[in-house]
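J.: Following is a predicted model, sequence given first.
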Number of protein chains: 2
Amino acid sequence: MVFLLHIFKHTKQAQREIGMASSSSSLTASKVVPSRSAFPIHGSFSPSSSLSVSSFGLKPATSIAATSASRRHAPIPIRASAAVETLGKTTDNELIEKSVNTIRFLSIDAVEKANSGHPGLPMGCAPMGHVLYDEVMRYNPKNPYWFNRDRFVLSAGHGCMLQYALLHLAGYDAVKEEDLRNFRQWGSKTPGHPENFETPGVEVTTGPLGQGVANAVGLALAEKHLAARYNKPDSKIIDHYTYCILGDGCQMEGIANEACSLAGHWGLGKLIAFYDDNHISIDGNTEIAFTESVEARFEALGWHVIWVKNGNNSYDEIRVAIEEAKSVKDKPTLIKVTTTIGFGSPNKANSYSVHGSALGAKEVEATRKNLGWPHEPFHVPEDVKKHWSRHVADGAALEAEWNAKFAEYEKKYPEEAAELNAIITGQLPAGWEKALPTYTPESPADATRNLSQQNLNALANVLPGLLGGSADLASSNMTLLKMSGDFQKNIPEERNVRFGVREHSMGAICNGIALHSPGLIPYCATFFVFTDYMRAAMRISALSEARVIYVMTHDSIGLGEDGPTHQPIEHLASFRAMPNILMLRPADGNETAGAYRVAVLNKKRPSVLALSRQKLPQLPGTSIEGVEKGGYTISDNSTGNKPDVILIGTGSELEIAAKAGDELRKEGKAVRVVSFVSWELFDDQSDKYKESVLPAAVKARVSIEAGTTFGWDKIIGSEGKAIGIDRFGASAPAPKIYKEFGLTVEAVVAAAKQLC
Amino acid sequence: MVFLLHIFKHTKQAQREIGMASSSSSLTASKVVPSRSAFPIHGSFSPSSSLSVSSFGLKPATSIAATSASRRHAPIPIRASAAVETLGKTTDNELIEKSVNTIRFLSIDAVEKANSGHPGLPMGCAPMGHVLYDEVMRYNPKNPYWFNRDRFVLSAGHGCMLQYALLHLAGYDAVKEEDLRNFRQWGSKTPGHPENFETPGVEVTTGPLGQGVANAVGLALAEKHLAARYNKPDSKIIDHYTYCILGDGCQMEGIANEACSLAGHWGLGKLIAFYDDNHISIDGNTEIAFTESVEARFEALGWHVIWVKNGNNSYDEIRVAIEEAKSVKDKPTLIKVTTTIGFGSPNKANSYSVHGSALGAKEVEATRKNLGWPHEPFHVPEDVKKHWSRHVADGAALEAEWNAKFAEYEKKYPEEAAELNAIITGQLPAGWEKALPTYTPESPADATRNLSQQNLNALANVLPGLLGGSADLASSNMTLLKMSGDFQKNIPEERNVRFGVREHSMGAICNGIALHSPGLIPYCATFFVFTDYMRAAMRISALSEARVIYVMTHDSIGLGEDGPTHQPIEHLASFRAMPNILMLRPADGNETAGAYRVAVLNKKRPSVLALSRQKLPQLPGTSIEGVEKGGYTISDNSTGNKPDVILIGTGSELEIAAKAGDELRKEGKAVRVVSFVSWELFDDQSDKYKESVLPAAVKARVSIEAGTTFGWDKIIGSEGKAIGIDRFGASAPAPKIYKEFGLTVEAVVAAAKQLC
């Protein structure tokens, strides 16, 4: 028992000194040994087949070569108990090797046919992929959305052929042979990176590195939260794992460290991440830029760490590692799996050239010979097909069993079941909108960030799936739910999530939560300017149709003294330019309520709410219904749709437009004041409606917004005048900056007079 | 020797097993002891005054209370040898305490007067700030730009009053008493966060968390690189340290982990970072979201780690730690300094309420009593003033000494001195532009990413300050300098920087490099879509006037199969909307050369070059001079500035516009084709020039660009037609996507015919 010797070399004193909780290390030791005796071992177990151990930064005593050699002499137990709990079938080792090579060659062939793609990862990760999808994971291929399925995220999304091959073998309808043949082609279900909105069976959209593992943290958070809220002592209705494969590239990205720090803090014991440790990235050997100790870093982050030294063909090592990972219930587990990128390619394996290009006909041929694969491209051998075919029936059985369990749960706990059902289906509870607060012009002036908090708290009572928090600005963003405590390791049923100062992972974690269940509605918050830290995750919200509500306060120079580093200028424009995301900038209470109504109802679009730090009056004419149109008239003294001038404002500047309107009317002008709270929603309206708000004949238009004028020409036309800020902000009290920057009633009045 | 016991408890075997280089631990042990004997100790040294040790995750045996108590009984050596090397004066302990309290109260008073700001950090960090600026750092207050100064970065930028107070005491002209009184007011030199462009003495612009420490990595990289290139065995002409203070917030940000992983990899031994470990962030105790072991993480990243357990008033601990840090030459050092946020405030210390708000008159009064500070606001006691006054003379002497050294260097090494001088002054070598390659329509078609590499390689020969690299995409971004090797720990004189997959820190590190010396020109690269990962750093480039060249390839759907996660859509617009950054999208070789010319000449603006993956023809009519105008005519068959239609394109779509122009001319139309390579540069032109390119009378305008149409109304007017992409991209071969998305010659021709 080599690994026990390693562990017990540390005295308890030494363990304490290296910052290792002695409880978890003794868990490692005690859990692994008994679990082995539970294996249905089909032969003698070779002690040199290198059991995985928590590494503590150790270098392996057993070399990969030795392990590999021992495999040839000693039959290896082919089914870990982890598999037994899932699908309970037994098969022989040769067949597994054949199945793994099927995965490798489906990937090679698809990339070759597309002449584009990334064969290296699938060739190296096929063994862990096989063990996961064939032995460990619980899923129903004919219903990829079965609620209690295990989730899988390929954070190293470029290796998507691995996942497509696995989905194909497992019997998912989205990935038939023709789909593999259409890899990376127009309209296919097998795009260049995994996309949940294209391929049922893919949970989240990955490719931009580091985000996938953060999505996985979100998925695991969702499971832990829902299980704590809805499981009963007699019914564990929510119970699944989240698996993830990430590579060296993901490990280098800051977002991965953020997310993994949170996963450790939250003790997400059912998150199991495989680190594909192949030492190769696009620029070559990782030695040139990545020499940290990943294992030591993850232990510092509070993870359990296991090292599988031979990920290329020692299935047992992988199985035992998963078993150990499952036994550690209070920490997420990182399984570092040392693999060879492009395994099997005699001339390109272990080099960057196999990362992101087709092997080429000659090397494909050489690889076929090397791995003994005589088949035509895209061939799945009959015995492999047959072996995998059981997943359709087994998956259906798993779901049926769960459905029966849920029916029983529903009988015993009708209220909880109704709530949970809303989360599972995404159906909004009847009358939920009535909870939205309403305001009159007499209601007290308030910052929209405060009004936002009133909405969040009102909605939390009627939307069981609403949960979220801030990146360490809860008291500034005003995001705390008063009816709830903090989601923490030991109180995961609570709904206030404390993300720490980790904006990027916050966004990606929320994508994971949103895509876990149609009825989960995550919100997250920071200062609007810091969307720059999380923009990559927000773009994935938009692309992957994740309904995340971004609560972005301090939305302009109106925040005052913090100065230009904290004052957004170009941010409204930069989100208006992004596809499939709603940029909303409410002006007061009714518009804030309207923004939340829109955000909840748009199930396939994330929303960004830009909210003020400063107090704003409740304006006459604003409404929830108006917000839903994106742009609408809040006051008008013209007739026949022919105002002398149209004044357009958003958010905190709508007040200025309204006051300027009053001034101009005093001087006899016919003035329309328009709130332009969401450009995207206005774009969605009929031409007739648009004409009723912005008649083409009226060229005299003045806009005012405390942000860049970039983009406003579309609204005000070539003859209009946009008042805004085309420079960085400044550090001073807000009213002073408004005045110095010319964002005043007087400026609007003057501009209007020039035009009419 | 408590710390020795701790260290020797580990056997060498155990040390190896916890992944600790035994060489560095013995260094720790051996270096600290002798260095102590070098102190000019003014009394007996108390063994309980808790010498700092590399912590290995240890909790301190010595409590803060005990340390504090021991201080009262045992006189403390008030001058470490680190100080001797700098300013060589001695003073007494009471005076230091007084000086530290001066820093605290200047901060308290300024925040109180502004009724806005962050007193907590300055109150807690005043001791380390004092030691740094009064004893350790080498600078010349009357010339904040003296080249060989030590650099200091306040990564926790909200605590800027700490730095303003220190600059004030040290005699910097930018921060006089009136400036402190104008803290956070319009036009002051003391804005709400440190801004290098407002306050000479501030090196970089911080506030957005995590970026400052990445800037510090860039500053330290620049020093290491220049020292390796220009120092001679007989003349260490470049020799300074980079110091940084970062807080819990910075530590949580992913960018900090990225940057610190690189700093460890590069072995930046002259980077010394102080981690203000005060356990408080805005949301309260860091326990709610941040429970990882920071020390263990930094050791995993290859840093030397020291823990100062009493940062509130044990100056010796701080001094010894700095001494130890300097003795470790092959690793950067993290000094974790445990402090109390808001130290001295009897009711608010150690709570989030002191983080970001004025204390309030009552609590200020209580704090004055508690710390025995009877003075008026903004008072600097005479003896404190006198003590600090030496820095003006000493700083002048340091610079004079260095100038003499440089004069000698210049004599001995005239060529190196000329190069170095260009880097120090920012003066461009005469005739440098002649190195830019030129192209004719007969030159072979090529991707602008390849043309970019030709430019980079040409410029590297004539611009000694040009250096940079890619975030693990060097072979895709085409950024390698062929005349150079890789910048690495042991070959830091090389100019190809390997950033790994760490876009955000790459940007911030480049900001540090750019702001180190006026003649350093860092470039960095990734796919254009991944600017989303580094946008926060790019915004700081723009705000802080850092000339970074962002080489962004794969700039549209033209990248093809990788699909929508990799295809930028809104990115051109989102940078056009950002102040003070040049967004350039060259169409061919001449325009790429023009873009580089512009990028180098704009010393106070970063540039973003959007470059194609796909081959593009060399177009007739393009020119370097044209690029400098931002928008210009490349072909025209009209007369009298009255074309029937104007076709406008950028980058890879200029070819489509040109071809459409040819088609339309065949049909007898008078067509002008305009390249709109940089909107910002066009905006800078005279009205007359603008009218010569886009005459107001010509309303028939068609634009084509493989990106969002958002913003184009400004160029094409209300009657024009913008052809672009207002959805996410797709995974397929590029020509197929262009066709499906309607980005074709036919579409341009059809649109033009509708308009003229």
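T.: That came through, no problem. On a predicted model such as this, the values are computed, not experimentally measured, just so you know.
J.: can you tell me which helix or strand A:G661 belongs to?
T.: Per DSSP states H and E: A:G661 is located in helix A:654-666.
J.: tell me what that helix is packed against?
T.: For helix A:654-666, the elements it packs on are strand A:632-636, strand A:645-649, strand A:671-675, strand A:701-704, helix A:745-755, judged by 3 or more C-beta pairs under 8 Å, 6 or more residues apart in numbering or on different chains; DSSP states H and E. (C-beta placed from N, C-alpha, C; glycine too.)
J.: Report the contact partners of the residue nearest to A:D683 when sequence neighbours are not counted.
T.: Among residues not flanking A:D683 along the chain, A:G630 sits closest, at 7.0 Å (C-beta to C-beta, 6 or more residues apart in numbering or on different chains). With contacts defined as C-beta atoms under 8 Å, 6 or more residues apart in numbering or on different chains, A:G630 is in contact with A:676-685.
J.: hang on, the earlier thing: for the helix holding A:G661, buried residues please.
T.: A:654-661, A:664-665 (16 or more other C-beta atoms under 10 Å in any protein chain shown).
J.: I'd like to know which residues of the stretch 501-650 of chain A are adjacent to chain B.
T.: Residues of the stretch 501-650 of chain A found near chain B (C-beta under 8 Å from any C-beta of the partner chain) are A:501-505, A:529-530, A:532-533, A:535-536, A:539-540, A:542-543, A:560-566, A:569-570, A:573-574, A:576-580.
J.: Give me the buried stretch members for stretch A:476-491, please.
T.: Going by neighbour count (16+ other C-beta under 10 Å), the buried part of stretch A:476-491 is A:476-481, A:484, A:486-489.
J.: From these, pick out the ones that also neighbour chain B.
T.: Contacts with chain B within those, as defined by C-beta under 8 Å from any C-beta: A:476, A:486, A:488.
J.: check contacts around the first one.
T.: Okay, so that is A:S476. A:449, A:470, A:527, A:553-554, A:613, B:282.
J.: Is there a neighbour count for A:L428? I'd like the number.
T.: 17 (other C-beta atoms under 10 Å in any protein chain shown).
J.: that older thread, how far off strand A:632-636 does the helix holding A:G661 point, in degrees?
T.: If you take axes from the mean of the first three to the mean of the last three C-alpha atoms, to 10 degrees, helix A:654-666 sits at 40 degrees to strand A:632-636.
J.: hmm, back to that, next, give phi and psi for the residue nearest to A:D683.
T.: With angles defined as degrees, to the nearest 10, A:G630 sits at phi 90, psi -50.
J.: what does A:H158 give?
T.: phi -60, psi -20.
J.: okay, it: pLDDT?
T.: We have a pLDDT of 98 for A:H158.
J.: And for A:R605?
T.: At A:R605, pLDDT is 98.
J.: Looking at the stretch 301-450 of chain A, what residue ends up closest to chain B?
T.: For the stretch 301-450 of chain A, the residue closest to chain B is A:L301, as judged by C-beta to the nearest C-beta, at 4.8 Å.
J.: so what's that residue up against?
T.: With C-beta under 8 Å, 6+ apart, A:L301 has these contacts: A:257, A:260-261, A:263-264, B:292, B:297.
J.: of all the residues you listed, which two lie farthest apart?
T.: Farthest-apart pair in the contacts of A:L301 is A:A263 and B:R297; separation 14.3 Å (C-beta to C-beta).
J.: Give me the more crowded residue out of those two.
T.: Neighbours per residue (other C-beta under 10 Å) separate A:A263 from B:R297, with A:A263 holding more: 30 against 27.
J.: quick check, that one in a strand?
T.: No - according to DSSP: H, G, I helix; E, B strand; the rest coil, A:A263 belongs to no strand; its state is helix.
J.: Am I right that A:R605 is in contact with A:L543?
T.: No - using C-beta atoms under 8 Å, A:R605 makes no contact with A:L543, being 10.8 Å away.
J.: List the residues that are in contact with both of the two.
T.: Common neighbours of A:R605 and A:L543 (C-beta under 8 Å, 6+ apart) are A:N580.
J.: Just want to know which of these two has more residues nearby.
T.: A:L543 (26 against 19).
J.: could you list every residue that touches the more buried one?
T.: Counting by C-beta under 8 Å, 6+ apart, the residues that A:L543 touches are A:195, A:197, A:205, A:579-580, B:564-565, B:728.
J.: By neighbour count, which of the residues you listed wins?
T.: A:T205 (30 neighbours).
J.: ok, back up a step: among the contacts of A:G630, the buried ones, what's the PyMOL command?
T.: This is the PyMOL syntax for the buried subset of these, where burial follows 16+ other C-beta under 10 Å:
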select buried, chain A and resi 676+677+678+679+680+681+682+685
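J.: now the closest residue in space to A:G117 that isn't next to it in sequence: how far from chain B?
T.: Closest residue to A:G117 apart from its sequence neighbours, by C-beta to C-beta, 6+ apart: A:V111 at 3.7 Å. Counting by C-beta to the nearest C-beta, to the nearest Å, the separation of A:V111 from chain B is 10 Å.
J.: Kindly report the same for A:M552.
T.: A:M552 is 14 Å from chain B, by C-beta to the nearest C-beta.
J.: again with A:K270
T.: 19 Å.
J.: Just name whatever secondary elements the longest helix belonging to chain A is in contact with.
T.: Once chain A is assigned using DSSP state H, the helix that runs over the most residues is helix A:382-412. Contacts defined by 3+ C-beta pairs under 8 Å, 6+ apart place helix A:382-412 against helix A:93-114, helix A:160-170, helix A:414-425.
J.: Any idea which of these gets closest to A:N461?
T.: Of all the helices and strands packed on helix A:382-412, helix A:414-425 sits nearest to A:N461, with 11.8 Å by C-beta to C-beta.
J.: Dump that closest one to CSV, keeping only the CA atoms.
T.: Provided in CSV are the C-alpha atoms of helix A:414-425 (Å, rounded to 0.1, in the frame of the first residue of the first chain):
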residue,chain,number,x,y,z
PRO,A,414,-47.5,18.8,-2.2
GLU,A,415,-46.3,22.3,-1.4
GLU,A,416,-42.7,21.5,-1.9
ALA,A,417,-43.4,19.5,-5.0
ALA,A,418,-45.3,22.4,-6.5
GLU,A,419,-42.4,24.7,-5.9
LEU,A,420,-39.9,22.2,-7.2
ASN,A,421,-42.0,21.5,-10.2
ALA,A,422,-42.0,25.2,-11.1
ILE,A,423,-38.2,25.1,-10.9
ILE,A,424,-38.0,22.0,-13.0
THR,A,425,-40.4,23.1,-15.7
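J.: Name every strand pairing with the next helix or strand after that helix and say which way it goes.
T.: Using DSSP H and E, the next helix or strand after helix A:414-425 towards the C-terminus is strand A:446-447. Looking at strand A:446-447 with DSSP bridges, its partner strands are strand A:615-616 (antiparallel).
J.: Show me how far the partner strand is from its chain's centre.
T.: 34 Å (C-alpha atoms, centre = their mean, to the nearest Å).
J.: pLDDT below threshold where in chain A?
T.: A:1-91 (pLDDT under 70).
J.: As a markdown table, the contacts of A:L543 with distance to B:P643 would be great.
T.: Formatted as a markdown table, the contacts of A:L543 follow (distance: C-beta to C-beta, whole Å):
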| residue | distance to B:P643 |
| --- | --- |
| A:E195 | 43 |
| A:F197 | 44 |
| A:T205 | 44 |
| A:P579 | 33 |
| A:N580 | 37 |
| B:P564 | 36 |
| B:T565 | 40 |
| B:F728 | 35 |
